[in-house]
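*Asks:* Mind looking at a prediction? Sequence and model below.
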Amino acid sequence: MSTASRKSPTVGAQFTTSLKILMQNMMTCSAHFVRCIKPNLQQNPGNFIGDFVNKQLSYTGMLETCRIRREGYSYRPRYDEFMDSFGLLAYGSKQNIEPSRATCEKVMQVSQLKGWLMGRSKVFLKYWHVEQLDKQLRRFENAAIVLQKWGRRFLAQKYAQYTLDASLSIFVGASVWLIFDVCSR
């Protein structure tokens, strides 16, 4: 009786179950899609036909996707990623800054950029925001390079002065010894 009352799952139920499992797997990872574009009809290397490639990009929706991402918020880092990259702009080299909405907002206010948004866990930036933030970071990098250059110059001058003093001491000592040796004969 127990075998007769148990029904085998229908094709629709099996499909629904496998679809749920697939969706759970896809939600746990970050999916990236790869589109293959043929460079020419013969697929020969080194032969690139621009119109052929443009048509493929247009048909696959890649050009439209790029346009939409450019108009929208194409860069969406989490608060911790954002602070790792750009926290220096507002907080200097402090190491114990907690990534939060408030700390990320302070970075954006210090950078004086407009048009960004804050989400619950991410900062929403347009493509040109990232370029401007990188440009502001380059000022710090250039200042660090100048400081390193002056530090190396100072150390090189100290070393040169030390070797000059040491060689003068040796020269004076050798001269005195030669004079003493000549006079004692």
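*Replies:* Okay, I see it.

*Asks:* just the strands in the protein please.
*Replies:* Assigned by DSSP state E, the chain shows strands spanning 117-118, 123-124.

*Asks:* between those, which one is nearest to residue 22?
*Replies:* strand 123-124 (28.9 Å; C-beta to C-beta). To be clear about C-beta, it is placed using only N, CA and C from the backbone, and glycine gets the same treatment.

*Asks:* before we move on, back to that, let's have the strands of the chain in CSV, adding distance to residue 29 and mean pLDDT.
*Replies:* Shown next, in CSV, are the strands of the chain (distance: least, C-beta to C-beta, whole Å; pLDDT from 0 to 100):
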stretch, distance to residue 29, mean pLDDT
strand 117-118, 26, 86
strand 123-124, 22, 89
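
*Asks:* quick one, helices of this structure?
*Replies:* 2-5, 11-28, 50-60, 62-71, 79-86, 88-91, 101-111, 127-183 (DSSP state H).

*Asks:* which stretch in these is the model least sure about?
*Replies:* Mean pLDDT is lowest for helix 2-5 among those, at a mean of 57.

*Asks:* circling back: how about the helices of the chain in TSV, adding mean neighbour count and distance to residue 37?
*Replies:* Below are the helices of the chain laid out as TSV (neighbours: other C-beta atoms under 10 Å; distance: least, C-beta to C-beta, whole Å):
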stretch	mean neighbour count	distance to residue 37
helix 2-5	6	55
helix 11-28	10	24
helix 50-60	12	5
helix 62-71	12	8
helix 79-86	18	30
helix 88-91	17	38
helix 101-111	16	36
helix 127-183	11	22
